[in-house]
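Asker: I'd like to go over a predicted model; first the sequence, then the structure.
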Amino acid sequence: MREVFLCKYGEIVLKGANRAAFESLLCRELKYRLSQVGKYRITRGQSVITVTPSGDRDPSAEESEAAYSTIMHTFGIIAVCRSAAAPKDFRAICDTAVSYLEGALGKAKTFKVETKRADKRFPMRSNEISAELGGVLLSAYHNLKVDVHNPDVTVRVDIRDEAAYISANLEHAAGGMPVGSNGKGLLLLSGGIDSPVAGWMMAKRGVKLDAVYFEAFPYTSIQAREKVITLAKEVARWSGSIWLHIVSLTEIEEDLARSCNEDYFTLLLRRYMMRIAEKLAADSGCGALITGESMGQVASQTMESLAVTDGVVGMPVFRPCIGMDKEEIISVARKIGTFDTSILPFEDCCTVFTPKHPKTRPTSEAVEAEEAKVDIEANIKAAIAAEEIIKINYKDSFDI
Ligand code: ATP
Ligand code: MG
């Protein structure tokens, strides 16, 4: 059975004069992503993008699943109807509906049929089609009853110019805006739970992602780095390809440990991270930094600490998790598929030299006095000069 995907897009229909540009961005992105799965034709019309296997191809069930999953990970699409295409003949529509919908109708108790007839030349009216097809389905599935108010399954028939499409329930998809429609941001990606969620949330709003991971080898392990690479692949499934910068903080941390008051250690390190991230961001065309901080979660995330951290950055810092509880962040992490990787037990560079009594109400003056004891500019230059860059290809996200 040739499966066709009807993809509804949401917010971008409100974009007025810019709508066409958003639509082509979404179609381009979808086309590129699906080209990694198989050959598909993408057509656009009436707030719906139709994805059809190209030519007379009849993809395997496995390929169809992969195409569906790819569409479900593409921001800008709010709902997807998996549909079977049938010739525009009522008998053919009924036969297709009976066989294609077996998965959905076989175990349902109630259903209704809704028909949309865009092609007015089709000889039956919408209500007629719904009623007659309903009758056919009732005699094919004895488990079913009609419930027009609250059915388990809504069968949809969409009669268009090129074919009739038959589908069961509309599935909620990723929502958001097409990636790339709102610039590019640099995600500070640690191995924790919060930062992949933060990256996903910004990608959902159309922000293309690059990422930076700070390590402190040999205090942090190669496994910690592998874990972050896996997380980047998991995020890339949603956001598209990511350039991942890997920057060593080993010398910076050892220098801080030698020279500065331990109580300020985490904050000093965070200011280093932000300064380095901002330079990398500016050099790669990113307009903002993105972190996974959440208000009050740890000493470095009090209002005063965040102000001191922000004091060294000129570009906007987006913290989409700021108002979320840990439980809420975890539930997003589970939904997007990063949680199981995030909880693998590898050390983070911030946890290597953790102060016993971190400052929760730091002042800029005190932090600056500590920074005067080290050569920040030289240290940053050396760290950036030694960075490694890995391209996480969109396609790599299929391997995990
Ligand atoms: P996460 O769960 O994302 O690791 P966290 O609760 O552990 O966050 P912190 O360690 O204070 O919090 O880090 C706050 C934010 O700073 C992280 O969400 C991330 O954006 C960034 N960050 C922390 N450590 C690193 C690192 N080693 N590399 C890159 N970014 C980091
Ligand atoms: Mg962390």
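Answerer: Yep, it's here. Note that this is a predicted model, so its numbers are computed, not measured. Ligands and ions are numbered 1, 2, ... in the order given.
Asker: Skipping its backbone neighbours, what lies nearest residue 336 in space?
Answerer: Leaving aside its chain neighbours, residue 336 sits nearest to residue 200 (5.1 Å; criterion: Cβ to Cβ, 6 or more residues apart in numbering). C-beta: built from backbone N, CA, C; applies to glycine.
Asker: mind showing which ranges of the stretch 101-250 of the chain have poor pLDDT?
Answerer: For the stretch 101-250 of the chain, no stretch is flagged by pLDDT under 70.
Asker: For it, which segments count as strands?
Answerer: Using DSSP state E, counting those that start in this stretch, the strands of the stretch 101-250 of the chain run over 110-117, 145-146, 153-159, 164-167, 171-172, 184-188, 208-215, 242-248.
Asker: Sheet-wise, list the partners of the second one with their directions.
Answerer: With DSSP bridges as the criterion, the sheet partners recorded for strand 145-146 are strand 110-117 (parallel).
Asker: pretty sure residue 245 contacts residue 280?
Answerer: Yes. Contact criterion Cβ atoms under 8 Å: residue 245 and residue 280 qualify, at 5.4 Å.
Asker: so what sits against both of those two?
Answerer: 210, 212, 387 (Cβ atoms under 8 Å, 6 or more residues apart in numbering).
Asker: would you turn those residues into CSV with neighbour count and distance to residue 44?
Answerer: Listed next are the shared contacts of residue 245 and residue 280 as CSV, based on neighbours: other Cβ atoms under 10 Å; distance: Cβ to Cβ, whole Å:
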residue, neighbour count, distance to residue 44
210, 25, 29
212, 24, 36
387, 13, 41
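Asker: Let me know the closest of the residues you listed to ligand 2.
Answerer: Nearest to ligand 2 among the shared contacts of residue 245 and residue 280, counting by Cβ to the ion, is residue 212 at 13.4 Å.
Asker: separation between the closest one and residue 228?
Answerer: 10 Å (Cβ to Cβ, to the nearest Å).
Asker: next one: residue 304
Answerer: From residue 304 to residue 228 the distance is 29 Å (Cβ to Cβ).
Asker: Which of these two has more residues huddled nearby?
Answerer: Of the pair residue 304 and residue 228, residue 228 is the one with more neighbours under other Cβ atoms under 10 Å, namely 28 against 15.
Asker: mind listing the helices for the stretch 251-400 of the chain?
Answerer: Applying DSSP state H, counting those that start in this stretch to the stretch 251-400 of the chain gives helices spanning 265-283, 303-310, 326-336, 339-342, 364-371, 376-385.
Asker: Any part of the third one near ligand 1?
Answerer: No. Counting by Cβ under 6 Å from any ligand atom, ligand 1 is not contacted by helix 326-336; separation bottoms out at 8.0 Å.
Asker: Next, the buried residues of that helix.
Answerer: 329, 330, 332, 333, 336 (16 or more other Cβ atoms under 10 Å).
Asker: do the same with the fifth one
Answerer: Neighbour counts over helix 364-371 (16+ other Cβ under 10 Å) mark 366, 367, 370, 371 as buried.
Asker: what touches both of residue 212 and residue 228?
Answerer: In contact with both residue 212 and residue 228: 189, 244, using Cβ under 8 Å, 6+ apart.
Asker: which bits of the chain sit near ligand 1?
Answerer: Applying Cβ under 6 Å from any ligand atom, we find that the chain lies next to ligand 1 at 188-190, 192-195, 212-214, 291-293, 297-298, 300, 348-350.
Asker: What subset of those residues is buried?
Answerer: Buried among the residues of the chain next to ligand 1 (16+ other Cβ under 10 Å): 188-190, 192-195, 212-214, 291-293, 297, 300, 348-350.
Asker: Please list which of those residues also come close to ligand 2.
Answerer: Near ligand 2, judged by Cβ under 5 Å from the ion, the entries from these are 190, 192, 348.
Asker: ok, now how distant is residue 387 from ligand 1?
Answerer: According to Cβ to the nearest ligand atom, to the nearest Å, residue 387 stands 12 Å off from ligand 1.
Asker: Who are the contact partners of that residue?
Answerer: For residue 387, the contacting residues are 245, 246, 247, 248, 280, by Cβ under 8 Å, 6+ apart.
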